[in-house]
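K.L.:
Sequence and computational prediction follow.
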Amino acid sequence: MAKFDTPSLANSAPNTETAQWRDYLELTKPKVVAMLLLTAMVGMCLAVPSLPPAHVVILGLLGIGMQSAAAAVFNHVIDQRIDRQMQRTIHRPVAKGRVGTSQALAFGGLLMVAGFALLWVLNALVAWLTFASLIGYAVVYTVWLKHATPQNIVIGGLAGAMPPLLGWVAVTGTLDPHALLLVMLIFTWTPPHFWALAIHREKDYAKAGVPMLPVTHGVEFTKTMILHYTLLLVVVGLLPWLAGMSGLIYLFGSLALNLGFAWYAWQLKFNDRKGLAWQTFKYSIWHVFGLFVALLADHAWRAIG
Ligand code: HEM
Ligand SMILES: CC(C)=CCC/C(C)=C/CC/C(C)=C/COP(=O)(O)OP(=O)(O)O
């Protein structure tokens, strides 16, 4: 790996190796999409008092999953130059040349069209909103925002925060302000999720010339912002309960998880121990998983109760 450290080699033409199915899977960012689908499923369940119809869940998750995966594939194609400059991403299939740009575009295009068609069967609103999220991530964030401002992931985070609302609309066909509260949860979670990683990978982003907050405003300022967002998340986390969407299981679950996130952020800011940024990033992933499982468990409890 070390041989790619020098900028000249990092920028050189990619290797041409044979693509395997694993490369195509990697292009879809499967773990991120799996988490997005969990949040979409929670949106579907909370849209109705008990359980949504099985065919809506299946078609909806397939459609939202395919469109999210397509967005991830396009992100790999568009970012291939900067991916070749960062240690974390240097081995990605398009960056390395194992999957060519046109093959990746064809794969992404297929996923996009198939996903749109599946959602169209449910209702036009969910199909268009999901497509707008795809454009939001693959074009607005990846092409423009990422290189334009250190607030890139705050604004661009909206696309990744949309799945609970998309799930909700898949079931009801209409927009509901309650679904926006779930969007707000992920929207507030995204900056501390990403900036913790950006501190850990600051050198990567500086080398690739991407204006992430730790690069433009320094690590200390970024830590302060992370702490602010986690404290805001404690408050935003109360909203689903205050709005009557959830009960005590969610309330106490979210309080524990959000205070835990704030504790990590506090340590990151005021303790110089090495590795805290990476630990905070890892925690953020378990945190968002726990938050949506708590919403689901709470809903199931109320549905049978
Ligand atoms: C603009 C918004 C977001 C940005 C910039 C962002 C950034 C990132 C980055 C750079 C990684 C890769 C870390 C690595 O390579 O080790 C990552 C991992 C991850 N993110 Fe995010 N993220 C965003 C939104 C989301 C959302 C909305 C979710 C789900 C709710 C999510 C879930 C995950 C998961 C599960 C991983 C771990 C993936 C793995 O281990 O392969 N992210 N995120
Ligand atoms: C239809 C729909 C809901 C679309 C959203 C799809 C989606 C995959 C959102 C996740 C956001 C994400 C992983 C951002 C990281 O991109 P990055 O380019 O900053 O990170 P990288 O360097 O790891 O590629």
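P.N.:
Arrived safely. All of these numbers come straight from a predicted model, not from anything done at the bench. Ligands and ions are numbered 1, 2, ... in the order given.
K.L.:
interface residues of this protein facing ligand 1?
P.N.:
Applying C-beta under 6 Å from any ligand atom, we find that the chain lies next to ligand 1 at 31-32, 35-36, 39, 88, 153, 156-157, 160-161, 186, 190, 193-194, 197, 285, 288. Using the backbone N, CA and C atoms, a C-beta is placed for each residue, glycine as well.
K.L.:
all strands of the stretch 51-200 of the chain, in order?
P.N.:
Under the criterion DSSP state E, counting those that start in this stretch, the stretch 51-200 of the chain contains no strands.
K.L.:
The closest residue to ligand 1 within it: what's it in contact with?
P.N.:
Per C-beta to the nearest ligand atom, G160 is where the stretch 51-200 of the chain lies closest to ligand 1, at 3.0 Å. Shown in contact with G160 (C-beta atoms under 8 Å, 6 or more residues apart in numbering): L36, Y137, I186, T190.
K.L.:
right, and the last one touches I155 too?
P.N.:
In other words, T190. No: T190 is beyond contact range of I155, at 10.2 Å (criterion: C-beta atoms under 8 Å).
K.L.:
neighbour count winner among the two?
P.N.:
T190 (21 against 16; other C-beta atoms under 10 Å).
K.L.:
The more buried one and M162, how far apart?
P.N.:
11 Å (C-beta to C-beta, to the nearest Å).
K.L.:
looking at it, L227 is touching Q267, isn't it?
P.N.:
No: contact between L227 and Q267 fails when scored by C-beta under 8 Å: they sit 9.9 Å apart.
K.L.:
Can you report how many residues neighbour the closest residue to L134 other than its chain neighbours?
P.N.:
Take L134 and drop its neighbours on the chain: the residue closest to it by C-beta to C-beta, 6 or more residues apart in numbering is A71, 4.4 Å away. Using other C-beta under 10 Å, A71 has 30 other residues around it.
K.L.:
from what I can see A71 touches A159, true?
P.N.:
Yes: using C-beta under 8 Å, A71 makes contact with A159 at a distance of 7.5 Å.
K.L.:
anything in contact with each of these two?
P.N.:
Common neighbours of A71 and A159 (C-beta under 8 Å, 6+ apart) are S133, L134, Y137.
K.L.:
thinking again about what came up before, same drill for L227 and Q267, tell me which one is more crowded.
P.N.:
L227 (20 against 16).
K.L.:
give me the element the more buried one is part of.
P.N.:
helix 219-236 (DSSP states H and E).
K.L.:
ok, residues contacting that helix?
P.N.:
181, 184-185, 188-189, 191-192, 195-196, 198-199, 202, 213-214, 255, 258-259, 261-262, 264-266, 268-269, 280.
K.L.:
Please convert the buried members of those into PyMOL selection syntax.
P.N.:
Selection of buried members from the contacts of helix 219-236 for PyMOL, criterion 16 or more other C-beta atoms under 10 Å:
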select buried, resi 181+184+185+188+189+191+192+195+196+198+199+202+213+214+258+261+262+264+265+268+280
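K.L.:
near ligand 2, which of the contacts of helix 219-236 show up?
P.N.:
Okay, of the contacts of helix 219-236, nothing touches ligand 2 (C-beta under 6 Å from any ligand atom).
K.L.:
Which of the contacts of helix 219-236 fall within helices?
P.N.:
Using DSSP state H, the subset of the contacts of helix 219-236 located in helices is 181, 184-185, 188-189, 191-192, 195-196, 198-199, 202, 213-214, 255, 258-259, 261-262, 264-266, 268-269, 280.
K.L.:
for the record, mean pLDDT for the one helix or strand A40 maps to?
P.N.:
Here A40 sits within helix 30-46, counting by DSSP H and E. Averaging pLDDT along helix 30-46 yields 98.
K.L.:
start the count at 42, not 1, going forward
P.N.:
Fine by me, first position is 42 from now on; the one you just mentioned is helix 71-87.
K.L.:
Buried ones in it, by neighbour count?
P.N.:
Under the neighbour-count criterion of 16+ other C-beta under 10 Å, helix 71-87 has 74, 76-87 buried.
K.L.:
Stretch 240-248 too?
P.N.:
I240, H241, R242, E243, D245, Y246, K248.
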